[in-house]
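Q: Okay, sequence plus prediction incoming.
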Number of protein chains: 2
Amino acid sequence: MNTLSSATRPRIVVIGCGFGGLEATRTLEHAAVDITVIEKTNHHLFQPLLYQVATAGLAAPSIAAPVRLLFRHQPNVTTLLGQVTSLLPEEREIELADGTRIGYDHLIVAAGATHSYFGHDEWKPVAPGLKTLADAFDIRRRVLMSFEAAETTTDADHRRRLLTFVVIGAGPTGVEMAGTLAEIARHTLAGEFRRIDPCSAQVLLVEGGPRVLQAMHESLSAKAQVQLERLGVEVRLNAKVTAIDASGLEVDAAVGHYRIDSSCVIWAAGVAASPLGRLLGAATGVECDRAGRVKVEPDLSLAGHPEISVVGDLAAAMSYAPGKLPKPVPCVSPGAKQMGRAAAANVLHRIAGESTVPFRYRDYGNLATIGRNSAVVDLETPLGPLRFSGRLAWLFWLFAHAYFLIGFRNRIVVLMDWASAYWSFQRHARVVADLSSKNEP
Amino acid sequence: MNTLSSATRPRIVVIGCGFGGLEATRTLEHAAVDITVIEKTNHHLFQPLLYQVATAGLAAPSIAAPVRLLFRHQPNVTTLLGQVTSLLPEEREIELADGTRIGYDHLIVAAGATHSYFGHDEWKPVAPGLKTLADAFDIRRRVLMSFEAAETTTDADHRRRLLTFVVIGAGPTGVEMAGTLAEIARHTLAGEFRRIDPCSAQVLLVEGGPRVLQAMHESLSAKAQVQLERLGVEVRLNAKVTAIDASGLEVDAAVGHYRIDSSCVIWAAGVAASPLGRLLGAATGVECDRAGRVKVEPDLSLAGHPEISVVGDLAAAMSYAPGKLPKPVPCVSPGAKQMGRAAAANVLHRIAGESTVPFRYRDYGNLATIGRNSAVVDLETPLGPLRFSGRLAWLFWLFAHAYFLIGFRNRIVVLMDWASAYWSFQRHARVVADLSSKNEP
């Protein structure tokens, strides 16, 4: 019951409306507080399916919901579209790019992550990463336009370069991208070209470490690699990228230093925290880790600033399970959601004058899809780990992702798109609205 | 039966894959010819529903089909993505932007139309038109961002300007845009903002002529205007736009010269033929009309160049019905489709050494939607004209458009989106991928 007058209700500001920010705000639904959610895009993005937009399997609106629509029926929320440029913990204010200042009593920072090029920001224009819808459209355009240009060109070397796709980084996104690219070349585009054979396209997955999907059990990494290779992906492990330019990349591997000519390189290797992390660190004196994530207290607040919490990919958080040693929380969406809920609950504890609760991450396991009928699932069950791969894992992945998608319509349309893609090998979103790109060679 | 060897099969080049080019190419499906279709985007666009992408009702892939997918099972077609920059009728060649030259025995030019700003090209960046998917995304962004900025700003004048939407031109596109914008303000966004009331947004439809939908019967124009006003659109007739800038426009009307402050002006007033029309005119000595459309012979070929045909919005064509005076063919999609079929059939007549057939346009009537439950239909039947408006007309419009959409999946998804929009007043594609714009004030 909101019996307090608006003037005396605690003001909560949530920065970012990814999984962490969304869950935090929803947790506060019935609280007598005034929430301001600040998002720099107009939508909440279902990141786990973003690679499907990039690979033309889904339309953008299927995986993105307008932020203010999500909070339409939550009257204690005001949504503002804006970019936070300054954090002023002493004044308990934040500042937006247009100069607007917003005061808070409690701040939840859920600004997420961006790509990291490990100090090689010059690689960004030639090897785009996948974090936003704009990134997905950029990758979709590059992939489809490579096949188009290959059909037009008469230069054999250029054609070979255009038909070589390289994905850097064999985490879940890199594996999904590479598997889907191989499917597009082998199945989706088959029969549509008259001068080239799309099946002759090469898809390379370049990974610096010794196996794919390193967050998973070794047995699943091996299975994933077999499934990738069956789809036509060439996996290169222990291969460190040393240079990328508009026409290819250079790699250091056991066999020596070599070059791969490619017009389409996709970056799935590094993730760094949003720049807001370092800003927050500087403003509060709290330490950040190497990836720029802010080190938080057990209850997800900042040392010396209990009124500020950090959640999701921006937080270097630990999980505190009774009787166990603290463990780092992985950068995955269930982690962000759980942190969002926990931070919001702790804000309510503070408002009520109660003590806060240390965060405990519940790990239900990991899953990754590789392509048609191929996925690996690594579940944590009370009876021990449950691991499986292949078609069953793929169905499990499919329904799990459809289930967690926001919105009834989206779920139906996504399942329809998947069903039609499965039976026809087609991908209905093969549409490029804008062919131009500033970054093109 | 394709008994001729490839070397001796007539080479047909089709420029453009809108309604005209698509129909022409499909008509040649079983002919022993080699067709090259050249399109400057990678998709065929179902233009009649483009305003729904602009107003966030549909996702782009629902109304766009990859050109090469459409011709996948037509082996006599090679699709090339490219922009035609030169026409060389003497050499019987065309040249693409990258310098590639393509020879032909028969050329069908179906390059369509673009916006015309009546000599005021400086209006383009401040008053975007709606012809391509990129245009639609630009308009979607402007409309949604205007509401977002209005929620953030503290300047009352700025807010009023942000909440004033002006559509210039009351043809079918202008009427559809204005009606849908009013619906968005009154219904879709209702309840989502905390500082502004989206219902307070003003939607103005500014038309230089004396009535809306001038291609239709006067009684329907009157009905359309009533329906527009019921939806909340302010219709200003006989109002000539004299200036447009980033913060508004100036208008000459019976009441005198006045200014309308608006941050979001949409251009639906003028259409001009593709610049290829004038290029073709200059290369062949054939005359173009004021809108840049190429004057064609009764069989849609060019005087002195029977091997070149022009169809669709690029052609200034006449319809030849037996016993009637020739009548100009209107710039509508059925006209383009019929011309495409006729031109292709005439190409086959020429190849067979037969005489060609004059083009006859069959006018089945006109229809335009205005908004929820509102449309006007003006059918030509063998028993005379059949005119109706309101909910029945809207249902008729809805099923007619769904029927003509390409692809089974698209039809189902579009009908689902419409059904969900109808019951929930929601528009699921309210997603802006890229907030930046070079043209922004």
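A: That came through, no problem. Residues are numbered from 1 along each chain as shown, chains lettered A, B, ... in the order given.
Q: can you map out the strands along the stretch 101-250 of chain A?
A: A:101-103, A:106-109, A:113-115, A:164-168, A:202-206, A:233-236, A:240-245, A:248-253 (DSSP state E, counting those that start in this stretch).
Q: now the stretch 251-400 of chain A
A: With DSSP E, counting those that start in this stretch as the criterion, the stretch 251-400 of chain A has strands spanning A:256-261, A:264-267, A:271-273, A:294-295, A:301-302, A:305-310, A:315-316, A:318-319, A:327-328, A:365-371, A:374-381, A:384-389.
Q: I'd like those strands as JSON lines, with mean pLDDT, distance to residue A:288 and mean neighbour count appended.
A: (Each C-beta comes from the backbone N, C-alpha and C, glycine too.) Listed next are these as JSON lines, based on pLDDT from 0 to 100; distance: least, CB to CB, whole Å; neighbours: other CB atoms under 10 Å in any protein chain shown:
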{"stretch": "strand A:256-261", "mean pLDDT": "96", "distance to residue A:288": "34", "mean neighbour count": "13"}
{"stretch": "strand A:264-267", "mean pLDDT": "98", "distance to residue A:288": "22", "mean neighbour count": "26"}
{"stretch": "strand A:271-273", "mean pLDDT": "90", "distance to residue A:288": "7", "mean neighbour count": "22"}
{"stretch": "strand A:294-295", "mean pLDDT": "98", "distance to residue A:288": "6", "mean neighbour count": "22"}
{"stretch": "strand A:301-302", "mean pLDDT": "98", "distance to residue A:288": "11", "mean neighbour count": "24"}
{"stretch": "strand A:305-310", "mean pLDDT": "98", "distance to residue A:288": "10", "mean neighbour count": "23"}
{"stretch": "strand A:315-316", "mean pLDDT": "97", "distance to residue A:288": "7", "mean neighbour count": "25"}
{"stretch": "strand A:318-319", "mean pLDDT": "97", "distance to residue A:288": "15", "mean neighbour count": "20"}
{"stretch": "strand A:327-328", "mean pLDDT": "95", "distance to residue A:288": "14", "mean neighbour count": "13"}
{"stretch": "strand A:365-371", "mean pLDDT": "90", "distance to residue A:288": "26", "mean neighbour count": "24"}
{"stretch": "strand A:374-381", "mean pLDDT": "91", "distance to residue A:288": "29", "mean neighbour count": "21"}
{"stretch": "strand A:384-389", "mean pLDDT": "92", "distance to residue A:288": "33", "mean neighbour count": "14"}
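Q: Could you dump these into CSV and include distance to residue B:260?
A: Listed next are the strands of the stretch 251-400 of chain A as CSV, based on distance: least, CB to CB, whole Å:
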stretch, distance to residue B:260
strand A:256-261, 56
strand A:264-267, 46
strand A:271-273, 46
strand A:294-295, 48
strand A:301-302, 50
strand A:305-310, 46
strand A:315-316, 49
strand A:318-319, 58
strand A:327-328, 58
strand A:365-371, 52
strand A:374-381, 56
strand A:384-389, 63
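Q: Can you pull the residues of the stretch 1-150 of chain A lying near chain B?
A: Proximity of the stretch 1-150 of chain A to chain B, by CB under 8 Å from any CB of the partner chain, involves residues A:40-43, A:59-62, A:64, A:66, A:68-69, A:71-73, A:77-82, A:96, A:98, A:100, A:132-134, A:136-137, A:144-145, A:148-149.
Q: Weed out the non-buried ones from those residues.
A: Listed as buried from these are A:40-43, A:59-62, A:64, A:66, A:68-69, A:71-72, A:77-82, A:96, A:132-134, A:136-137, A:144-145, A:148-149; burial here means 16 or more other CB atoms under 10 Å in any protein chain shown.
Q: Residue ranges of each domain in chain A, please.
A: Here the domain parsing of chain A from automatic domain parsing is A:6-40+A:82-115+A:272-351, A:121-269+A:365-424.
Q: Nearest to residue B:267, out of these?
A: Ranking these by proximity to residue B:267 (CB to CB) places domain A:121-269+A:365-424 first, at 24.5 Å.
Q: on that earlier part again, with distance to residue B:28 added, can I get the domains of chain A in TSV?
A: Below are the domains of chain A laid out as TSV (distance: least, CB to CB, whole Å):
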stretch	distance to residue B:28
domain A:6-40+A:82-115+A:272-351	47
domain A:121-269+A:365-424	15
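Q: how close does the residue lying closest to residue A:373 once chain neighbours are set aside sit to residue A:227?
A: Spatial nearest neighbour of residue A:373, excluding adjacent residues (CB to CB, 6 or more residues apart in numbering or on different chains): residue A:391 at 4.5 Å. Residue A:391 sits 10 Å away from residue A:227, going by CB to CB, to the nearest Å.
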